[in-house]
Structure formats: structure tokens, C-alpha cells
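Trainee: Got a predicted structure here, sequence first:
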Amino acid sequence: MSAPPVNRTKDAVAVERTTLSGEPIKALYGPEDVRPHEENIGNPGEFPFTRGVYPSMYRGRLWTMRQFAGFGTAEETNERFRYLLDHGQTGLSTAFDMPSLMGHDSDHPKSFGEVGREGVAIDTVDDMSTLFSGIDLGDVTVSMTINAPAAMMMAFYVVAAEQSGVPADKLGGTVQADILKEYIAQKEWCFPVDPAMRLLGDMMEWCTRNMPRWHPVSISGYHIREAGSTAAQELAFTLKDGLTYVEEQIARGIDVDDFAPRLSFFFNAQIDFFEEIAKYRAARRIWARELKETYGAKNPRSWLMRFHTQTAGVSLTAQQPLNNIVRTAIEALAGVLGGTQSLHTNSYDEALALPTEDAVRIALRTQQIVAHETGVTNTVDPLGGSYFVEALTDRMEEQAYAYFAKIDELGGMVEAVKRNYPQREIADAAFELQEKIDDHDRIVVGVNKYTEGDDGETPIHRIDPEMERKQIGRVQAVRARRDGAEVERKLAELRATAATEANLMPVMVECARAHATEGEMVEALQHVWGAYTESPVF
């Protein structure tokens with residue numbers, strides 16, 4: 001006699017299910033879980049853009065496959081750029097090393113041991129020219145992930161492009177430059193908060209007037225999420241940063257429609273598939289509504305939230321690293337189904353070291369398989385109308401506005417950052433998630449469950465120690481052959497301008513032309529503005 005069938009309904013209901021962020025998930029969703037307002041969903045390419053910023057989305061054009069790259073010297077990264085372009089990448093994304101991110105030259109005492117380790121070392125306009133040697137900057141869009149000294153890197157880039165025959169108004173791409181995110185999450189700063197906001201505002205204004213194809217800030221939730229935030233916190237803090245930048249430019253007397261169409265965003269794609277998709281959909285809807293109704297933007301392009309996505313570095317594991325290929329593929333698919341405009345897929349070995357060329361190729365091939373083999377690009381917003389997805393989208397929106405209200409009570413985002421409010425919220429969220437992993441309430445395959453087996457030794461990319469000495473020699477050689485008196489004049493002009501309200505970008509471009517280093521420009525501004533020390537969060 002056969003055993004009776006097992007009724008698993010009771011077991012399934014008894015176990016509480018949540019998103020990665022801890023939001024409860026019902027066993028079944030239906031019409032009663034979704035707002036009845038049709039205007040919240042609409043059509044792709046129409047306000048409020050919940051279903052996508054363009055009517056045809058990927059039926060008309062695939063997202064930009066923009067792999068993040070940078071290590072060692074400018075020559076080595078230039079070789080990697082060419083490798084990626086030869087293998088089908090359609091845009092360049094530049095990773096800078098820690099000294100560059102912190103505004104230090106390669107021969108600064110604090111740079112020792114870090115030059116070229118986690119990105120490319122760029123000290124002068126000469127390095128920037130070498131970085132893009134042989135690449136048509138009028139044809140390829142370039143993204144640069146740097147924040148506190150972003151204005152200096154922009155000056156280098158503009159002069160390097162000019163030297164190769166491409167004027168500033170022909171350059172396309174973005175520089176991250178999201179300074180509030182640094183104080184919240186990534187902790188790479190050069191100046192106190194208020195003058196750092198002024199520097200970003202100067203760069204945004206200058207790009208608006210001189211670089212019509214350039215996105216002068218990429219408002220970044222990626223690092224907020226990597227620091228341990230929930231999806232809702234990533235959404236809320238990122239959008240509030242962006243709205244703060246909008247207010248800063250409006251306060252300068254710039255019409256919102258003159259700069260808002262060139263604002264872009266950068267989000268994380270974490271492993272909780274549906275939560276991430278809902279996050280992107282809610283982000284578009286909130287941004288469109290706020291730009292139109294709160295800030296009075298009349299140009300429909302100002303309402304569009306266009307964003308880049310990178311799969312979650314924090315989800316990668318050093319244990320059983322080949323599992324990361326699967327994680328990255330799922331996260332990439334979430335970004336695509338969420339409607340991203342460009343995408344970076346992490347390499348499986350990044351929890352161990354800078355990626356090898358083989359690992360980078362697999363990461364790029366992951367995007368290409370999603371694009372050409374899965375069929376997800378054949379229709380626009382294929383998950384639109386799903387009761388579960390729409391309910392999650394509504395919940396994301398509600399949580400974001402709740403955070404907006406708290407931040408406004410504190411006096412706005414700048415004041416909230418000074419008072420460590422978002423920093424504390426993220427720290428608490430990270431602690432709670434780690435507790436769940438430690439208690440096995442959240443399973444990480446190969447880490448706290450299914451740990452048997454061994455992938456064997458994973459080949460890793462190693463940086464030649466000689467490279468640091470080589471880069472130090474490069475920057476010192478530039479100092480030796482340039483006109484030192486001219487550099488001093490330009491740096492003195494930079495210090496003088498920093499003490500006024502004049503825009504700093506023109507004089508920084510002149511400093512770059514004179515072959516001043518990044519560190520020299522940063523130190524000139526610190527002479528006027530001082531440095532920054534974070535107050536304890538706890």
C-alpha cells in the first residue's frame with residue numbers, strides 16, 4: 001500500500017518568508033495587493049516611467065555593456081580597455097586606485113603599497129592621455145568612478161581629449177562625483193561637506209554650460225548598498241542625494257531643465273531577484289514625480305531616471321568562487337528586467353583579487369547570453385502587472401517617502417549626513433543581516449551551508465610590485481620637465497578662486513594644462529577649506 005501524499009501547505013505557511021531586506025512576503029499575491037491607480041504603472045516611455053524610460057526599451061537598443069576596469073599603470077589599463085572593446089564591450093568604465101580616489105599622488109607617503117592595486121593610478125594629464133591612447137573619445141562613452149577629486153579628473157580628461165583632437169562638447173559619458181554618498185557609505189573624501197558640495201556644484205554647472213553630452217554626476221546607490229543598506233535605504237538615500245543636487249543647482253539660478261536631462265544614476269543589483277526589480281521601478285516613478293511636481297521640470301527628458309547597474313560585489317564569496325558566476329547572472333537578469341540603461345557584471349574571482357582576463361570575459365559573456373539567448377529582450381517590461389512585483393514596487397515607494405520625511409525633519413540630506421543619520425541606519429541594517437547569516441536564518445551557499453567540496457585553487461591576477469616604483473617615477477618625471485613656476489602660478493590662482501564664489505572648473509582645467517598633479521590641486525584646496533574627520537557613528 002502506497003503512502004498517502006504529504007500535505008506541505010501547512011509547512012510552507014508556517015515558515016515566515018522575507019526579502020533580503022527583511023520585508024515580509026505573503027504566500028500569494030492578488031489584485032487586492034496592488035494599488036488601483038493605473039497612473040502608477042502606465043506605459044513604457046510615458047510618465048511616470050514605472051515600466052521603463054523608453055517605449056521600445058531593448059527591442060530598439062540593448063543596454064550598454066560597460067565593464068568596470070582599471071589596475072596598475074595607465075598603459076596596463078589601456079591594454080585591458082582595448083581587450084574589452086575587442087570582445088564586444090560597448091562602453092568604458094574606469095576604476096581608479098585608492099590614492100587617486102583619496103586625492104593623493106602616487107609618491108605621497110599614504111599611497112605606499114596601494115598604487116595601482118584596486119584601480120589605475122592617475123596622477124597627471126599625461127597619465128590620462130596614456131590611459132585612452134588610441135581610443136576615439138568622440139566615439140566611445142566613458143564612465144569614471146571617482147568622487148571627492150572628480151573635478152580634477154574631469155579637468156585631466158577634458159585636456160587629454162582636447163590634445164587628441166576631441167573638444168569638450170563632443171565628449172560623452174559620466175563621472176560619478178556623488179559626494180554625499182562618500183560621507184554616507186564609501187568614506188573617500190578630501191574636504192569638509194560644505195565645500196565638497198560647492199566643488200560638485202561648480203563641476204555640474206560648468207558641464208551644463210560646456211559639455212552637452214556629458215553626465216556630470218552619477219548619483220550612486222551602489223556603494224550605499226555595498227556598505228550594508230537595505231534595498232529601501234539604497235533607494236531612499238540615493239534619490240534624496242540626487243534631489244539635493246537638483247536643489248543646489250536651482251539655488252545657483254540654473255533652470256532645472258538645463259541640467260536634469262543629464263543626471264544619471266548608479267544602482268546595485270543584489271541577489272534578491274524580485275526586490276531589486278521593484279526597487280528600479282519605484283526609483284523611476286519617484287524621480288519622475290518629484291522632478292515634475294516638486295521641482296517644476298517641464299522637459300519630459302528631465303523626468304527620466306536613466307541608470308547604470310552593477311551586480312553586487314558584496315554578494316561574491318571567496319569560498320567556492322565559481323558559484324559567483326551564477327549569482328552574477330541572476331543579478332544581471334534582475335538589472336535587465338528592471339530596465340537598466342547600462343550594466344557591469346562582476347567577475348567570479350573578485351572576492352579574491354582583481355579579475356583575470358578569463359574571469360572578465362566570462363562576466364561579459366554573461367551579459368551577452370542574457371541579451372541574445374534568454375528572450376527577455378523580446379518584450380518590454382515582461383514582469384509589469386505581476387501582482388507580486390507591483391506590490392513590492394508600491395512598498396518600496398512607501399518606504400522611500402518615509403525616509404524622505406525623516407530626512408526633511410533633520411533639515412535635509414546635508415544636515416542628516418552631518419548628524420550621521422543615514423550612516424547609522426545602514427550600520428544597523430548591515431548588523432541585522434550579518435546576524436541572520438551567522439544564525440543560519442539567511443543561507444549563503446558555500447559559506448554557511450553546502451560547504452562540502454572544493455573548487456580547487458583559483459588563478460588570481462597579481463600586481464607586479466615594480467609597478468608602484470614605475471608610477472612614482474612617472475609622476476616625478478612630469479614634475480621635473482614641466483614649467484614649475486607656471487604650475488605654482490596656477491595653483492595660487494586655484495587657492496585664490498577657492499576663497500571666492502567663482503566657479504573653480506576653468507582654473508582647474510588650466511592647472512591640468514600646466515601639468516599640475518591631482519594631489520597638488522587637492523592640497524591647494526585643502527589649504528583654503530581644510531580637511532575632514534568623520535565623527536563617530538556609534
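Mentor: Received, thanks.

Trainee: Check which helices and strands whichever strand or helix holds residue 198 is in contact with.
Mentor: Residue 198 is part of helix 193-210, with elements assigned from DSSP states H and E. Judged by 3 or more Cβ pairs under 8 Å, 6 or more residues apart in numbering; DSSP states H and E, the packing partners of helix 193-210 are helix 150-163, helix 179-181, helix 231-251, helix 256-259, helix 413-418, helix 505-513, helix 518-529. Heads up, the C-betas are built off the backbone N, CA and C, glycines and all.

Trainee: Tell me how many other residues crowd the nearest residue to residue 413 once chain neighbours are set aside.
Mentor: Leaving out its chain neighbours, the residue that sits closest to residue 413 by Cβ to Cβ, 6 or more residues apart in numbering is residue 244, at 4.4 Å. The number of residues packed near residue 244 is 18, by other Cβ atoms under 10 Å.

Trainee: Equivalent analysis for residue 317, please.
Mentor: For residue 317, using other Cβ under 10 Å, the count is 17.

Trainee: That one and residue 354, how far apart?
Mentor: 17 Å (Cβ to Cβ, to the nearest Å).

Trainee: Can you say which of the helices and strands packed on helix 193-210 is packed in most?
Mentor: Among those, ranked by average contacts under mean count of other Cβ atoms under 10 Å, first place goes to helix 179-181 (a mean of 26).

Trainee: And the contacts of it?
Mentor: With contact meaning Cβ atoms under 8 Å, 6 or more residues apart in numbering, helix 179-181 is reached by 147-148, 150, 189, 193, 196-197, 199-200, 219-221, 223-224, 237-238, 241, 244, 413-414, 417.

Trainee: Same check on stretch 31-48?
Mentor: 26, 49-57, 284-285, 288-289, 292, 300, 303, 380-381, 384-385, 387-388, 390-391, 394.

Trainee: In contact with residue 460, which residues?
Mentor: 349, 352-354, 356.

Trainee: If you could redo that for residue 281, that was the one I meant.
Mentor: Contact analysis of residue 281 by Cβ under 8 Å, 6+ apart lists 50-51, 338-339, 389, 393, 396.

Trainee: Likewise for residue 249?
Mentor: 201, 204-205, 208, 256, 259 are the contacts of residue 249 under Cβ under 8 Å, 6+ apart.

Trainee: Repeat the analysis, applying 7 Å as the threshold.
Mentor: 201, 204-205, 259 (Cβ atoms under 7 Å, 6 or more residues apart in numbering).

Trainee: cool, residue 356 as well?
Mentor: Shown in contact with residue 356 (Cβ under 7 Å, 6+ apart): 349, 459-461.

Trainee: What are the contacting residues of the helix or strand hosting residue 492?
Mentor: According to DSSP H and E, residue 492 maps onto helix 484-498. Contacts of helix 484-498 with the rest of the structure, by Cβ under 7 Å, 6+ apart, involve 504, 507-508, 510-511, 514-516, 520-521, 524-525, 527-529.

Trainee: one more time with 6 Å, if that's ok
Mentor: By Cβ atoms under 6 Å, 6 or more residues apart in numbering, the residues outside helix 484-498 that reach it are 504, 507, 510-511, 514, 516, 520, 524-525, 527-528.

Trainee: which one among the contacts of residue 356 gets closest to residue 471?
Mentor: Comparing the contacts of residue 356 against residue 471 with Cβ to Cβ picks out residue 461 as the nearest, at 17.3 Å.

Trainee: three-state assignment of the closest one?
Mentor: Classification of residue 461 by DSSP: H, G, I helix; E, B strand; the rest coil places it in coil.

Trainee: hang on, the earlier thing: of the contacts of stretch 31-48, buried ones?
Mentor: Listed as buried from the contacts of stretch 31-48 are 49-54, 57, 284-285, 288-289, 292, 300, 303, 380-381, 384, 388, 390-391, 394; burial here means 16 or more other Cβ atoms under 10 Å.

Trainee: need the strands for the stretch 301-450 of the chain, in chain order.
Mentor: For the stretch 301-450 of the chain, the strands defined by DSSP state E, counting those that start in this stretch cover 307-311, 342-344.

Trainee: what's the least confident helix or strand in this protein, going by average pLDDT?
Mentor: None of the helices or strands of the chain scores lower by mean pLDDT, DSSP states H and E than helix 9-14, at a mean of 49.

Trainee: Nearest residue to residue 71 in space, ignoring adjacent ones along the chain?
Mentor: Closest to residue 71 by Cβ to Cβ, 6+ apart is residue 354, at 5.1 Å.

Trainee: So the one you found sits against residue 72, correct?
Mentor: No. Between residue 354 and residue 72 there is no contact under Cβ atoms under 6 Å: 9.0 Å.

Trainee: Identify each buried residue in stretch 468-483, please.
Mentor: Within stretch 468-483, the residues that count as buried by 16+ other Cβ under 10 Å are 468, 470-472, 474-475, 478-479, 482.

Trainee: tell me which strands and helices the helix of greatest length in the chain is in contact with?
Mentor: Taking DSSP state H as the criterion, the chain has its longest helix at helix 387-409. On a contact count with 3 or more Cβ pairs under 6 Å, 6 or more residues apart in numbering; DSSP states H and E, helix 387-409 meets helix 231-251, helix 273-289.

Trainee: Let's have these in CSV, adding mean pLDDT and distance to residue 32.
Mentor: Below are the helices and strands packed on helix 387-409 laid out as CSV (pLDDT from 0 to 100; distance: least, Cβ to Cβ, whole Å):
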stretch, mean pLDDT, distance to residue 32
helix 231-251, 98, 22
helix 273-289, 98, 18
